[in-house]
Structure formats: structure tokens, C-alpha cells
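Student: predicted model and sequence follow; I will ask about them next.
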Amino acid sequence: MSARLQGRTALVTGSTGGIGEAVARALAAEGAHVVVSGRDTARGEKVVASIAERGGQATFVQADLADGLPAVTALAAAAHRLAGGPLDILVNNAAMLIEPRPTAEVEEDLIDRALAVNIKAAFLLTGLVAPAMAERGSGAVINMGSINGLFGLGGSALYSTTKAAVHSLTKSWADEYGPSGVRVNTVAPGPTFTDKIAAMADYLAPMIAAIPSRRPSTPEEVAAAVVFLAGDDAANIHGATLSVDGGRAAV
């Protein structure tokens with residue numbers, strides 16, 4: 001373990017698997033006390049145990065962010081209690097990964113849930129966490145965007161819309177909270193090798209073939225970008241989008 005984030009506290013939503021789990025592990029490896037959050041208690045406690053086995057500090061708080069303001073408020077309160085005050089780092093990672101389908105085949109309840117988890121939860125949670133950071137004069141908010149939010153992709157209208165909104169929120173929050181010492185930035189992964197992505201291999205194959213690196217990213221590579229934006233090396237980076245996509249968004 002190194003100590004770039006020693007003594008700092010972090011909340012990572014949706015961190016019981018995939019990219020979120022890798023982010024929680026990476027932040028803890030740098031010395032942060034991480035609040036792991038997700039819907040599944042057994043999976044969350046497994047992540048906490050694996051962090052502890054590596055000498056890190058982590059605590060699990062169960063939350064289903066699709067449940068709106070009550071769930072988000074309870075999560076923020078628990079995180080602040082565990083942190084003993086304002087959080088140092090908030091990673092808005094929780095999101096629904098929506099299987100590609102034609103717009104006409106997207107059901108209304110799926111739209112409502114995607115908007116609730118991918119946009120509304122991050123909006124509400126940041127509104128509860130960032131003001132305390134601003135009052136203290138420091139903090140970092142990292143939103144998990146996507147290259148889907150940067151360009152058009154047929155069959156991905158709903159998911160792309162939610163991620164484009166996340167990118168827009170980053171810019172607005174950078175302007176709102178930056179003057180008070182809170183840095184807000186986005187990490188935008190391209191195809192990343194997780195269990196969920198593996199199930200979409202056929203759909204993603206043409207995109208991966210067009211990536212300059214000719215391969216998906218790993219969750220650990222995405223997590224490294226989050227650690228960078230959370231730390232002091234990114235002290236004057238505000239409102240930026242850091243793509244971890246093998247060059248896909250650039251070509």
C-alpha cells in the first residue's frame with residue numbers, strides 16, 4: 001500500500017462489483033477509508049473483507065439508490081457518520097447498464113429506473129455531500145460517465161442519454177463548487193472487461209475493433225483514473241472528462 005490518500009474518506013456508490021469494486025479497492029490501497037455501497041449486503045461485505053485482507057479500511061452501507069431521496073439521504077448520513085464529518089471523496093459510480101435495444105422497444109418503467117439510478121441519485125447525493133465539502137474548503141467528486149455519453153450509438157439511446165447528463169452535471173458542478181475548493185470531474189470508460197460487459201460481447205465487438213488499442217479496458221485501469229482525480233496530483237483539474245477507452249473517443 002502507498003499513502004497518497006492517507007487519512008481521507010471516500011464514498012463509492014455501486015461498489016459491490018465491477019468498476020465500482022475496483023475503485024473501492026484502489027482508493028483503499030492508497031490509504032483512504034472507503035464506504036462501500038450497493039444493494040447486496042453479502043457482496044458488499046465480501047468487498048470490505050477483501051480490502052481488509054490487503055491492509056485497507058472499508059465499511060459497507062446498504063443502499064438501493066433507485067428508491068430516491070430517502071435512500072440517498074440515509075446513505076449520505078451514514079457515510080458522514082462513518083467519516084466523522086464531511087467526506088473527502090465522492091465517487092458517483094452506481095448506474096444501470098442497459099442492454100442495447102431499439103428506442104421503440106424501451107419500456108417506460110426502464111426509462112424511469114435508468115433516470116433514477118444514473119442521474120437522479122447522483123444529483124441528490126452530490127447535493128447532500130458537496131456543500132459540506134465546500135464549507136470545509138476541499139473535496140473531490142468523481143462522476144462515472146461513459147464514452148456513450150460523448151457520441152451517438154444506435155440502440156443505446158437511453159443509456160447514452162443518462163451518461164451525457166452525467167457529463168453535463170460535472171461541468172455545472174465544477175462551476176458551482178470549484179470556487180469553494182471542491183473539484184468535480186468525470187471518468188469516461190469505454191468498453192471495460194466486467195461480467196456484465198462480457199454478456200454483450202457480440203454487440204461490442206465492432207466498437208472494440210475500432211479502438212486504437214484494440215482491446216477493452218480493465219476495471220483497474222478505470223480505477224487508476226479515479227484515484228488520480230481524487231488525489232493532490234489533480235489539484236487544479238476541474239470539470240474535466242478523462243476517458244479510459246483505448247482512444248475510442250478520440251478517433
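Tutor: All right, it came through fine.
Student: got phi/psi on residue 35?
Tutor: When quoted as degrees, to the nearest 10, the phi and psi of residue 35 stand at phi -90, psi 110.
Student: ok, it touching residue 81?
Tutor: No: taking contacts as Cβ atoms under 8 Å, residue 35 lies outside contact range of residue 81: 9.8 Å. (Each C-beta comes from the backbone N, C-alpha and C, glycine too.)
Student: of these two, give the one with the bigger neighbour count.
Tutor: More crowded of residue 35 and residue 81, by other Cβ atoms under 10 Å: residue 35, with 28 against 11.
Student: what about the strands in the stretch 51-200 of the chain?
Tutor: With strands called from DSSP state E, counting those that start in this stretch, the stretch 51-200 of the chain shows them at 57-62, 89-92, 139-144, 182-189.
Student: just the CA trace of stretch 57-77, in PDB.
Tutor: As requested, C-alpha coordinates have been extracted for stretch 57-77 and formatted as PDB (Å, rounded to 0.1, in the frame of the first residue of the first chain):
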ATOM      1  CA  GLN A  57     -10.000   0.200   5.700                       C
ATOM      2  CA  ALA A  58     -13.600  -0.100   4.400                       C
ATOM      3  CA  THR A  59     -17.200  -0.200   5.700                       C
ATOM      4  CA  PHE A  60     -20.300  -1.300   3.900                       C
ATOM      5  CA  VAL A  61     -23.600   0.600   3.800                       C
ATOM      6  CA  GLN A  62     -26.500  -1.000   2.100                       C
ATOM      7  CA  ALA A  63     -28.500   1.300  -0.300                       C
ATOM      8  CA  ASP A  64     -30.800   0.900  -3.300                       C
ATOM      9  CA  LEU A  65     -30.400   4.300  -5.000                       C
ATOM     10  CA  ALA A  66     -33.500   3.600  -7.200                       C
ATOM     11  CA  ASP A  67     -35.500   4.300  -4.000                       C
ATOM     12  CA  GLY A  68     -35.000   8.100  -4.300                       C
ATOM     13  CA  LEU A  69     -34.400  10.700  -1.700                       C
ATOM     14  CA  PRO A  70     -35.000   8.600   1.400                       C
ATOM     15  CA  ALA A  71     -32.400   6.100   0.400                       C
ATOM     16  CA  VAL A  72     -29.900   8.700  -0.800                       C
ATOM     17  CA  THR A  73     -30.400  10.700   2.400                       C
ATOM     18  CA  ALA A  74     -29.800   7.600   4.600                       C
ATOM     19  CA  LEU A  75     -26.700   6.800   2.600                       C
ATOM     20  CA  ALA A  76     -25.200  10.300   2.900                       C
ATOM     21  CA  ALA A  77     -26.000  10.400   6.600                       C
END
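Student: chain center to it: distance?
Tutor: Per Cα atoms, centre = their mean, to the nearest Å, the displacement of stretch 57-77 from the mean C-alpha position of its chain is 14 Å.
Student: cool, and stretch 134-147?
Tutor: The offset between the C-alpha centroid of stretch 134-147 and the centroid of the whole chain comes to 10 Å, using Cα atoms, centre = their mean.
Student: now stretch 151-161
Tutor: Offset of stretch 151-161 from its chain centre (Cα atoms, centre = their mean): 19 Å.
Student: likewise for stretch 129-137?
Tutor: With Cα atoms, centre = their mean as the basis, the mean position of stretch 129-137 lies at 19 Å from the chain mean.
Student: which positions in it come out as buried?
Tutor: Of the residues in stretch 129-137, those buried under the neighbour-count criterion (16 or more other Cβ atoms under 10 Å) are 129-134.
Student: closest to residue 228 out of those?
Tutor: For residue 228, the nearest member of the buried residues of stretch 129-137 is residue 133. The distance, counting by Cβ to Cβ, is 18.5 Å.
Student: so that closest one sits right up against residue 177, yeah?
Tutor: Yes: look at residue 133 against residue 177 with Cβ under 8 Å: they come within range, at 7.2 Å.
Student: what do these two both touch?
Tutor: Residues touching both residue 133 and residue 177 (Cβ atoms under 8 Å, 6 or more residues apart in numbering) are 139, 141.
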